[in-house]
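In: Below: sequence and its predicted model.
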Amino acid sequence: MRVHIGSDHAGFELKAHLVEQLGERGYEVVDHGPVEFDPVDDYPPYVLRAALAAVNDAGSLGVVVGGSGNGEAIAANKVPGVRAALAWNDDTASLGRAHNNANVVSIGARMHSLDEAGRLVERFLTTPFSGDVRHARRIAMLEHYESTGELPELPTPPTL
């Protein structure tokens, strides 16, 4: 599987660790930068490229890394077709895939050790989408809204 990865200065060390770890585990990693540490760089140029590549490269997934992972998740979710999940424990890493069919995971480098972050990314990458009808229905609502701007219909309240 190909994995597209991008970060900022706060995630630079973790990104380098993940590129090496994922490569050793047989993933084809595409590093969208940065290529050198710059303490004042901005995450959007790198994160948006990684997210866009994950959407445009069928069968691939994306990993974005920053200090908290929040800004990176927000940025990635601006790319049409991205469903980025902020993973902060094992459950959120796997549920982002199983329930939301997320195609990008966001990790906060300042929130986790290198080993813990690596474990979260591995959980995300190895968890399949459940395919459960209720989850697929919800994703379809989001995709429809994303492509048309039309809000989903409100459910009809049950009659008593």
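Out: Cool, the structure landed. Given the structure is predicted, the values throughout are model-derived calculations rather than measurements.

In: just the strands in this protein please.
Out: 2-7, 28-31, 61-66, 84-86, 104-108 (DSSP state E).

In: Any buried residues in the first one, and which?
Out: The reference is to strand 2-7. Buried residues in strand 2-7, counted by 16 or more other C-beta atoms under 10 Å: Val3, His4, Ile5, Gly6, Ser7. From N, CA and C alone the C-beta is placed, and that goes for glycine too.

In: What of stretch 78-87?
Out: Under 16+ other C-beta under 10 Å, the buried positions of stretch 78-87 are Val79, Val82, Arg83, Ala84, Ala85, Leu86, Ala87.

In: and what of stretch 34-45?
Out: Pro34, Asp41, Tyr43, Pro44.

In: Can you show me the helices along the chain?
Out: Using DSSP state H, the helices of the chain run over 12-24, 44-56, 70-76, 90-98, 114-126, 133-148.

In: Glu122 and Tyr27, how far apart?
Out: 10 Å (C-beta to C-beta, to the nearest Å).

In: In terms of neighbours, single out the busier of the two.
Out: In this view Glu122 and Tyr27 are compared by other C-beta atoms under 10 Å, and Tyr27 has more residues nearby, 21 against 16.

In: confidence score at the more buried one?
Out: Note for Tyr27: predicted pLDDT of 98.

In: what's the answer for Pro157, then?
Out: pLDDT, Pro157: 86.

In: Who are the contact partners of it?
Out: Contacts for Pro157 (C-beta atoms under 8 Å, 6 or more residues apart in numbering) come out as none.
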